[in-house]
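Enquirer: mind folding the following:
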Amino acid sequence: MKTFAFVLLAFSSGILSSQAVIAGPHSRGDSEEYALEYCRYYKTRAMYAGRKARANQGVARYRNKALVRWARYNACLKENGWPTQYRPPTY
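Expert: Numbers count the residues shown, from 1 in each chain. Model prediction:
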C-alpha cells in the first residue's frame, strides 16, 4: 500500500509540475504569442472591413475604413518586431 501511495504521489506531482509549463504563453512570461494574437484582432477587423468595401465598391467610407485597419494591423506587427506580412489591398 505504501508503494502504491508513493507511486501515486510521484505521478500526481509530475503531472502538476508539467501543467505549469503547458499552461500558456503568459505563465512562461513569453509575450510574443500574446502580441501576435493581439495583432490578429486587427487582421480580423481589416478582413471584415475589406469584405464590406468590396461589396460596396463606390463608397469611399468603407474603402478608407478597410485601408486604415490594414495599416493598423501592419503597424501592430511592426511595433512587436514581426515583419509586415500584408500590403493593403486595393478596393
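Enquirer: how about Tyr86, what does it touch?
Expert: Each residue near Tyr86 by Cβ atoms under 8 Å, 6 or more residues apart in numbering is listed here: 43, 70, 73-74. (Glycine included, C-beta is placed from N, CA and C.)
Enquirer: quick one: which of those has the most company?
Expert: Tyr73 (23 neighbours; other Cβ atoms under 10 Å).
Enquirer: would you agree that one is in contact with Ala46?
Expert: Yes: counting by Cβ atoms under 8 Å, Tyr73 does reach Ala46; the two are 5.2 Å apart.
Enquirer: any common contacting residues for these two?
Expert: With Cβ under 8 Å, 6+ apart, Tyr73 and Ala46 have no common neighbours.
Enquirer: in this protein, where is pLDDT below threshold?
Expert: 1-32 (pLDDT under 70).
Enquirer: do you have the helices of it handy? List them.
Expert: 2-22, 25-28, 32-55, 60-79 (DSSP state H).
Enquirer: can I get the longest one in PDB, CA atoms only?
Expert: Below are the C-alpha coordinates for helix 32-55, written out as PDB (Å, rounded to 0.1, in the frame of the first residue of the first chain):
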ATOM      1  CA  GLU A  32       5.400  37.200 -28.300                       C
ATOM      2  CA  GLU A  33       2.500  34.800 -28.800                       C
ATOM      3  CA  TYR A  34       0.300  37.300 -27.000                       C
ATOM      4  CA  ALA A  35       1.400  40.100 -29.200                       C
ATOM      5  CA  LEU A  36       0.700  38.100 -32.300                       C
ATOM      6  CA  GLU A  37      -2.800  37.200 -31.100                       C
ATOM      7  CA  TYR A  38      -3.400  40.800 -30.300                       C
ATOM      8  CA  CYS A  39      -2.400  41.800 -33.800                       C
ATOM      9  CA  ARG A  40      -4.700  39.100 -35.200                       C
ATOM     10  CA  TYR A  41      -7.600  41.100 -33.800                       C
ATOM     11  CA  TYR A  42      -6.700  44.000 -36.200                       C
ATOM     12  CA  LYS A  43      -6.300  41.500 -39.000                       C
ATOM     13  CA  THR A  44      -9.800  40.100 -38.500                       C
ATOM     14  CA  ARG A  45     -11.300  43.600 -38.400                       C
ATOM     15  CA  ALA A  46      -9.400  44.500 -41.500                       C
ATOM     16  CA  MET A  47     -10.700  41.400 -43.400                       C
ATOM     17  CA  TYR A  48     -14.300  42.100 -42.500                       C
ATOM     18  CA  ALA A  49     -13.900  45.800 -43.400                       C
ATOM     19  CA  GLY A  50     -12.400  44.700 -46.700                       C
ATOM     20  CA  ARG A  51     -15.400  42.500 -47.400                       C
ATOM     21  CA  LYS A  52     -17.700  45.300 -46.900                       C
ATOM     22  CA  ALA A  53     -15.600  47.600 -49.100                       C
ATOM     23  CA  ARG A  54     -15.700  45.100 -51.900                       C
ATOM     24  CA  ALA A  55     -19.400  44.700 -51.600                       C
END
